[in-house]
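1. A predicted structure for the sequence below; I have some questions about it.
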Amino acid sequence: MLANIQALAQLCSSQQFLGTVFTAILVVLLGAIFPRVFRDKNSCDSNGLFTANKRFSWEPSYFARFRWITNAQKILQDADSKAQGKPYLLARGDTDLLVLPPALIPELNRLGADVLNSREYHAHSMLGALTGMGVVRKTSFHVRVLLSYISPALPAIFALTGERVSAAVAQEFPRAYEWTVMKPQKAVVRCVIFQVTFAMRCVPACLHPLLVWLLPARWGLVRGWRKLTSYVVPRVLQLKEEFSRTPDRKVSPDVISWMVEAGRTEMERDPEVLTRLVGSVAAGSTYSIANFCCRTIMDLISHPDVLAAVRAEIREKHAQVRGRWDMATLASMEKLESAMKETARLAPGSLLVYSRVVKKDHVLSNGLELKKGQFVTMSGAMRTLDPDIFEEPREYRGLRFCAEDRIEEHRARPFGSLDTDILAFGAGRWACPGRLISGIAAKILLVKLLDEYDFGFVGNKPLERHCMHEFLFFHPENKMLVRRREDSCGVVFV
Ligand code: HEM
């Protein structure tokens, strides 16, 4: 608990932290006086299911919220072991969720968006109204563009992606061959949307409109949206004009052009809507990839044998392709992929996966009733830490997917594919639409970094995995030792 409060303190600036502490005290006092005010309208009470993270029936919901902020992992672990593969309810403080077992995924995947809606859940959990990401409630246009335009174009933009990642690494990472202390996450991405979400999820929604203005990150976010609008809106107007003059013009491979080309309705071509969608996708994607790569490197530093095996694989491939890496070369990196999957398995971005809002009443084949307005989710650990699927599931074994009995399955399910044992990208129709992009971008970044740099822990002290609410993240203030490697191969992506 203390460690988590320290994490919160580090995550926010001192003003933000004082603001959050002040707010927490205010909320405790208000909640003690008016407990009913802090009950969420989404609370559900399906008969017969136990509720995790609720001490007694009339406990004010902010107590559950407070425990969830700092202790989500333990709460879920205890609830999963009590539930023994059965559904249960989870009091999260902001809402109650029905936690379903992953065994139901195939049945849930068959339900349409008129029954289960993922975007409404994301807008709620990312505090869309405060962060500007609420637009995803109205449209799934960005998902269509990611799946139908950007993912199929990956082979065409592979070399450009490699070039841009390489240039960014060269600019942000130290040139020295001596150990230098740096904050790798900050070098890759700094994301105010997540700072606002993490901080404001600590307080009840009724206080958001007022308290959000105490957060410096919120002011940064407003400035960021303004800057993005000033770039995207004129560009969209210009592209619309060009398209109306020459409808069959060749589209340049960038997300705004693809969106203007793919837009069918007024809303899908509205410059303000497109600004919000571009910003939401850009923030979510850079944060997720940077977070994931930092956590993968952290695991590799702690397991030098796995790191050595991955580096040997990089050297071997480099010699095979004579230094010119294409998509097929990346796809054949079995050891690197195994290490990536192992990190994704043990440290997913979110402890809760397959989260949806129920749009209409539905009865599942096991008789469980899903009620309109209810939130459903899954605890990823029910699958990723299942000893029937993973031997010694709590142990990090970076090369476990390359073992003889797993290698065929490993080749058939590369990192960017949907894997219902790891659930890194969720499952079903509304699984992460950026998974193919992530698979390639993360591998490019990791190959580049592992080839060109050595990494170490400051004072040989391994870094902690931070968790706040249901989010596991690499803390932006985390420091690592970094130095250039003298014997790097000099990978080039073509
Ligand atoms: C390592 C990186 C990433 C991880 C681990 C990740 C993971 C996830 C997960 C678990 C979900 C929820 C899926 C579900 O509910 O079934 C999701 C949703 C989503 N992801 Fe990713 N993601 C990553 C990168 C990206 C990238 C690069 C993009 C865009 C380029 C992206 C765009 C999205 C979007 C738009 C959604 C919401 C889909 C919906 O409307 O329901 N993600 N992601």
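-> Thanks, I have the structure now. Residues are numbered from 1 along each chain as shown.

2. Which parts of the stretch 301-450 of the chain are strands?
-> 324-325, 352-358, 362-363, 369-370, 375-379 (DSSP state E, counting those that start in this stretch).

3. Check what contacts the longest one and list those residues.
-> By Cβ atoms under 8 Å, 6 or more residues apart in numbering, the list of residues contacting strand 352-358 from outside reads 76, 97, 100, 102, 105, 108, 115-118, 120-122, 124-125, 370-380, 423, 426-428, 430, 470. C-beta coordinates here come from the backbone N, C-alpha and C atoms, glycine included.

4. tilt between it and strand 375-379?
-> 170 degrees (axes from the mean of the first three to the mean of the last three Cα atoms, to 10 degrees).

5. now the closest residue to Arg383 other than its chain neighbours: how far from the ligand?
-> Excluding the flanking residues, the one nearest Arg383 by Cβ to Cβ, 6 or more residues apart in numbering is Pro102, at 4.3 Å. Using Cβ to the nearest ligand atom, to the nearest Å, Pro102 is found at 11 Å from the ligand.

6. Surely Pro102 and Leu385 touch.
-> No: using Cβ atoms under 8 Å, Pro102 is not in contact with Leu385; the gap is 11.3 Å.

7. Show me which of these two is the more surrounded one.
-> Pro102 (22 against 16; other Cβ atoms under 10 Å).

8. If I look at His142, what pLDDT would I see?
-> You'll see His142 listed with a pLDDT of 96.

9. next one: Ala283
-> 89.

10. repeat for Val353
-> 97.

11. excluding its backbone neighbours, what's nearest His318?
-> Per Cβ to Cβ, 6+ apart, closest to His318 is Cys489, 4.2 Å.

12. and that neighbour, helix, strand or coil?
-> Using DSSP: H, G, I helix; E, B strand; the rest coil, the structure places Cys489 in coil.

13. And stretch 397-405, what's buried?
-> Neighbour-count burial for stretch 397-405 flags 397-402 (criterion: 16 or more other Cβ atoms under 10 Å).

14. My error: substitute stretch 56-74 in the last question.
-> 60-72.

15. Show me what residue of the stretch 101-250 of the chain gets nearest to the ligand.
-> Ser118 (3.3 Å; Cβ to the nearest ligand atom).

16. What is the neighbour count of that residue?
-> Neighbours of Ser118 (other Cβ under 10 Å): 20.

17. quick one: contacts for the residue nearest to it when sequence neighbours are not counted?
-> In this structure, Ser118 finds its nearest non-sequential neighbour in Trp430, 3.8 Å apart by Cβ to Cβ, 6+ apart. By Cβ under 8 Å, 6+ apart, the contact list for Trp430 reads 113, 116, 118-119, 143, 356.

18. From Arg356, how far out is Trp430?
-> For Trp430, the distance to Arg356 (Cβ to Cβ, to the nearest Å) stands at 8 Å.

19. Val115 now?
-> From Val115 to Arg356 the distance is 9 Å (Cβ to Cβ).

20. The stretch 51-200 of the chain: helices as residue ranges?
-> 61-83, 105-109, 118-125, 128-131, 141-145, 154-172, 184-188, 192-200 (DSSP state H, counting those that start in this stretch).

21. helices or strands next to the first one in the packing?
-> Helix 61-83 sits against helix 2-11, helix 14-33, strand 51-52, strand 88-91, strand 375-379, helix 381-384, strand 466-468, with contacts defined as 3 or more Cβ pairs under 8 Å, 6 or more residues apart in numbering; DSSP states H and E.

22. try the last one
-> Contacting helix 192-200 under the criterion 3+ Cβ pairs under 8 Å, 6+ apart are the following elements: helix 2-11, helix 14-33, helix 128-131, helix 216-245, helix 271-302, strand 471-473.

23. average model confidence for it?
-> Here the average pLDDT along helix 192-200 is 86.

24. related to what we said a few turns ago, for the buried residues of stretch 56-74, which one is nearest the ligand?
-> Closest to the ligand, out of all of these and judged by Cβ to the nearest ligand atom, is Ala72, at 15.7 Å.

25. Can you get me a residue count around the residue nearest to that closest one when sequence neighbours are not counted?
-> Of all residues not flanking Ala72 in the chain, Glu470 sits nearest, at 5.1 Å (Cβ to Cβ, 6+ apart). A count of neighbours around Glu470, defined by other Cβ under 10 Å, yields 26.

26. Kindly report the same for the one 10 residues further on.
-> Applying the criterion other Cβ under 10 Å, we find 22 residues in the vicinity of Met480.

27. and what of Gly112?
-> 10.

28. now swap in Lys227 and tell me
-> 11.

29. Over to Thr265?
-> Neighbour number of Thr265 under other Cβ under 10 Å is 10.

30. Check Glu107 too.
-> 12.

31. Also Asp305?
-> 10.

32. And it, how far from the ligand?
-> In terms of Cβ to the nearest ligand atom, Asp305 sits 24 Å off from the ligand.

33. Quick check, pLDDT for that residue.
-> At Asp305, pLDDT is 98.

34. what do you get for Val232?
-> 96.

35. show me the contacts for it.
-> Contact analysis of Val232 by Cβ under 8 Å, 6+ apart lists 256, 271, 274-275, 278.

36. Buried residues, stretch 85-103. List them.
-> 87-102.

37. Correct me if wrong: Glu163 contacts Val494.
-> No: assessed by Cβ under 8 Å, Glu163 is found out of contact with Val494, at 9.7 Å.

38. Which residues of the stretch 351-494 of the chain lie near the ligand?
-> Residues of the stretch 351-494 of the chain lying close to the ligand (Cβ under 6 Å from any ligand atom) are 353-355, 424-427, 430-434, 437-438, 442.
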